[in-house]
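Undergrad: Here is my input, please return the structure:
(chains A and B)
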Amino acid sequence: MARSATDAREDERASIPAPKSPRGLVEIDGGARLTPIQWIERRMLSRPLIGPIAVLVFALIVFSIVSPNFGTLQNFSLILQQVQVIAMLGIAQTLIILTAGIDLSVAAVMLLAQVVMGKLAVAMGLPPELALVLGILVGVACGAINGLIVTKLNIPPFIATLGTLSIFYALNIFLSGGESVPYADVPGLFTWLGTGFQVLGTTFTFGQVLTILMFLVFAYILRSTAWGTHIYAVGDNLEAARLSGIRVNRVLMSVYIVAGLIIGVTAWLLIGRIGSISPTAGASYNLASITAVVIGGTSLFGGRGRIMGTLLGAVIVGVFSSGLSLAGFDNLWQEFTIGILIIGAVAVDQRLRKIGR
Amino acid sequence: MTTDTTAAVAGGAASAPFRSHELVIEGRKLVKRYGHVVALDETDFEIRQGEVLAVIGDNGAGKSSLIQCLSGAVQPDEGELLVGGELTTLKSPVEARRLGIETVFQSLAVSPALDVASNIFLGRELRRAGIAGSVFRMLDKKKMRQEALGAMSELGLQTLQNVGQSVETLSGGQRQGVAVARAAAFGSKVVILDEPTAALGVKESGRVVKLIKDINARGIPVILISHNMPQIFEVADRVHIQRLGRRIALVETSQIDMGDAVALMVGAKTPEQLGLETAS
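TA: Below you'll find the model as predicted:
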């Protein structure tokens, strides 16, 4: 996936009938030579996926050598199943982080949406299809509330979503009464994404397929539409975006709403993943989604990053978890390693950002 | 502040010999207040078809406020603004741009992480024809890049070879080039440059001066706000001298020397002392 996105970019570049300097980069006035490190930095600046891809390939090689059970298709499918919910939340998180915002409430919105789905379908007896759509709309509404707080009240996204995190989580507990809906009571439609099909003797789920499709769709939107360009522009230089005639608040508002939509769909994915409707499952996913975005090379300061990086980031986390545990390490070392990856990713980003300013 | 002499001198601009020339933008008695501060105190402004007009003034003279009024970034509290002879209110930079007024702001207003072509087309992207564009909202990146390349090379920016590279990989002069190329590409009526060389070295400044000449050679009038006197006297046809929120003189650069222009600007001399009634 990540490959194809990068390749498409290459193709576009190649289509420009302009002479290229040997490195594809223009020599700065005065023809200053780049040192090898500078050259790598510039490459990473123009192709942000290089870093995460390198980490992933390295991890895959090492873990495949260390544990024979790691490098199987079955294990990859398992890893993807484990990280799909975080990855999907990561799509919403990426959109918001690209605008130089952050959303601490993604998991709370997801839980609220799934609890509403369960409440409507199970307790109130609505048709599952209708309950599903209404649940997703709850996600949209939560996104709109976040967007309004950010754009109308001018509250920084960190604080705005810290507040709504508490509000949405409390509503979720209130509506559910803190109780789960057991698997037996959950309509089949709700758990459909957890079912799957066999390929090469390996089970894949419809949830995995949906996750991959969503990544492809949003990769397209960010890369090939004006809205995508405007998201980058708003996060990169807000004033420049405004002076260029972009209606900044409209872009921000739309991003929060679309993020809410994605989170609403993720609620469906979550039910399929765990089989029941629990008001507390995945409560830690708020930060996990940010972790996936950051390890995927997207800058927390906005305007820089790729959606496919987030998929890579989520998979990297899954690969380290699986690999370390198959190699016999205690779970605490997974946490430890992820901490190092986060700091490393942000350190690289800080360094790259300096070049550009 | 309301000395009759300066009012007469400034007011004379409309009646004196330039009247026959077509004015692209005209401001009449523009007032802009920020709380107690009067940034523009009934200032006049005009730029003619095809000229390069320099605007100079000490800090706090109201240059920035004037330019912001002309580019739609702020709205004057009082006074009239005429674009192409018609009374106009510019409610936003977007509206100014729609009328063909393009501004290169001092802050450059570029997005460093985006590539050159995306920057040039920021806020007015081109979509593909057909279903790809109308349903899938697909950008026509190829066309935008070609046109961006055209805009850049038209201004002699051959050093910039790849319009697909991000702006942050460019030098200060090249970034300025991108901002100017964007203005030149879309500025059908007038191009406003706010301190375009303030952050640049000598060599890069020279290139920007050349850009200004190139834009002007295409018949597009240019408003140049600058502190760089030699540069102004190299490219500008006339110079608008702003002081204490007013235009105290509007002179052809051939009629005044640098020293006197600076003296007027800082208030060491008055227009009457220099006998500028006719020119301003």
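Undergrad: Reduced to three states, what does the residue in chain B positioned nearest to chain A come out as?
TA: Chain A sits closest to residue B:168 of chain B, with a gap of 2.9 Å, by CB to the nearest CB. All C-beta spots, glycine's among them, are computed from the backbone N, C-alpha and C. Secondary structure, DSSP: H, G, I helix; E, B strand; the rest coil: residue B:168 is helix.
Undergrad: any idea of the pLDDT on the residue sitting nearest the centre point of chain B?
TA: In chain B, the centroid-proximal residue (CA atoms, centre = their mean) is residue B:192; its distance is 1.5 Å. At residue B:192, the model reports a pLDDT of 92.
Undergrad: What's the separation between it and residue B:92?
TA: Distance, residue B:192 to residue B:92, using CB to CB, to the nearest Å: 15 Å.
Undergrad: what's the answer for residue A:89, then?
TA: Distance from residue A:89 to residue B:92, counting by CB to CB: 36 Å.
Undergrad: Quick check on the two: which one has the bigger neighbour count.
TA: Applying other CB atoms under 10 Å in any protein chain shown to residue A:89 and residue B:92 shows that residue A:89 carries more neighbours, namely 31 against 17.
Undergrad: so what's residue A:323 closest to, chain neighbours aside?
TA: Closest residue in space to residue A:323, ignoring its immediate chain neighbours: residue A:63 at 3.3 Å, by CB to CB, 6 or more residues apart in numbering or on different chains.
Undergrad: Am I right that the one you found is in a strand?
TA: No. Using three-state DSSP, the assignment for residue A:63 is helix, not a strand.
Undergrad: surely residue B:197 meets residue B:207?
TA: No. Using CB atoms under 8 Å, residue B:197 is not in contact with residue B:207; the gap is 9.2 Å.
Undergrad: Please report the distance of the residue lying farthest from the centre of chain B from residue A:217.
TA: Farthest-out residue of chain B from its mean C-alpha position, per CA atoms, centre = their mean: residue B:131, at 39.0 Å. Using CB to CB, one obtains 17 Å as the distance from residue B:131 to residue A:217.
Undergrad: swap in residue A:302?
TA: Here the criterion is CB to CB. By it, residue A:302 lies 22 Å from residue A:217.
Undergrad: Those two: which has the busier surroundings?
TA: Per other CB under 10 Å, whichever of residue A:302 and residue A:217 has more neighbours is residue A:302, with 23 against 13.
Undergrad: tell me the SS of that one?
TA: Three-state assignment for residue A:302 (three-state DSSP): coil.
Undergrad: before we move on, what about residue A:228?
TA: Residue A:228 falls in the helix class when you classify it by three-state DSSP.
Undergrad: I'd guessed it sits against residue A:221; true?
TA: Yes. Between residue A:228 and residue A:221 there is a contact at 5.1 Å, judged by CB under 8 Å.
Undergrad: Let me see the ranges of the helices in the stretch 51-200 of chain B.
TA: Under the criterion DSSP state H, counting those that start in this stretch, helices of the stretch 51-200 of chain B are mapped to B:63-70, B:93-98, B:116-120, B:130-134, B:141-154, B:172-186.
Undergrad: How about the contacts made by residue B:230?
TA: residue B:258 (CB atoms under 8 Å, 6 or more residues apart in numbering or on different chains).
Undergrad: Report the buried residues of the helix or strand that contains it.
TA: If you go by DSSP states H and E, residue B:230 is part of helix B:229-235. By 16 or more other CB atoms under 10 Å in any protein chain shown, the buried positions in helix B:229-235 come out as B:229, B:231-233, B:235.
Undergrad: Do you know the pLDDT at residue A:313?
TA: Taking residue A:313 on its own, its pLDDT is 94.
Undergrad: Equivalent analysis for residue A:227, please.
TA: Residue A:227 is assigned a pLDDT of 94 by the prediction.
Undergrad: circling back: more neighbours: residue A:228 and residue A:221, which one.
TA: Shown here are residue A:228 and residue A:221; by other CB under 10 Å, residue A:228 has more neighbours (21 against 18).
Undergrad: Name the helix or strand of chain B that has the lowest mean pLDDT.
TA: Here the helix or strand of chain B ranked lowest by mean pLDDT, DSSP states H and E is helix B:4-15, holding a mean of 38.
Undergrad: Check which element follows that one along the chain.
TA: Where DSSP H and E defines the elements, the next helix or strand beyond helix B:4-15 is strand B:23-34.
Undergrad: can you tell me the average pLDDT over that next one?
TA: 92.
Undergrad: what do you get for stretch A:320-334?
TA: Stretch A:320-334 shows a mean pLDDT of 89.
Undergrad: which bits of the stretch 201-350 of chain A sit near chain B?
TA: Taking CB under 8 Å from any CB of the partner chain as the criterion, the stretch 201-350 of chain A approaches chain B at residues A:220, A:224-227, A:229-230, A:232-233, A:236-237, A:239-246, A:303-304.
Undergrad: Please work out the average pLDDT along stretch B:64-76.
TA: The model assigns stretch B:64-76 a mean pLDDT of 89.
Undergrad: sorry, that was for stretch B:138-157
TA: Computed over stretch B:138-157, the mean pLDDT rounds to 81.
Undergrad: Okay, buried residues for it please.
TA: For stretch B:138-157, burial by neighbour count (16+ other CB under 10 Å) applies to B:138-141, B:144-149, B:151-152, B:155, B:157.
Undergrad: Repeat that for stretch A:152-169.
TA: Here stretch A:152-169 shows A:155, A:157, A:160-162, A:164-165, A:168-169 as buried, counting by 16+ other CB under 10 Å.
Undergrad: Same question for stretch A:63-74.
TA: So, applying 16+ other CB under 10 Å, buried residues of stretch A:63-74: A:63, A:67, A:70-71.
Undergrad: For the residues you listed, point out the one with the lowest pLDDT.
TA: residue A:71 (81).
Undergrad: I'd like to know how far the residue lying closest to that one once chain neighbours are set aside sits from chain B.
TA: Closest residue to residue A:71 apart from its sequence neighbours, by CB to CB, 6+ apart: residue A:64 at 3.8 Å. Separation of residue A:64 from chain B (CB to the nearest CB, to the nearest Å): 35 Å.
Undergrad: okay, residue A:64: pLDDT?
TA: Reading off the model, residue A:64 has pLDDT 90.
Undergrad: so what's the backbone phi/psi at the closest residue in space to residue A:202 that isn't next to it in sequence?
TA: Nearest residue to residue A:202 in three dimensions, chain neighbours excluded: residue A:73, at 4.5 Å (CB to CB, 6+ apart). With angles defined as degrees, to the nearest 10, residue A:73 sits at phi -60, psi -40.
Undergrad: So residue A:73 sits against residue A:204, correct?
TA: No. Between residue A:73 and residue A:204 there is no contact under CB under 8 Å: 9.4 Å.
Undergrad: Pretty sure residue B:213 sits against residue B:235.
TA: Yes. Assessed by CB under 8 Å, residue B:213 is found in contact with residue B:235 at 6.1 Å.
Undergrad: who touches stretch B:192-208?
TA: Contacts of stretch B:192-208 (CB under 8 Å, 6+ apart): A:29, B:64, B:67, B:70-71, B:101-106, B:171-173, B:176-177, B:180, B:183, B:209, B:212, B:222-228, B:231.
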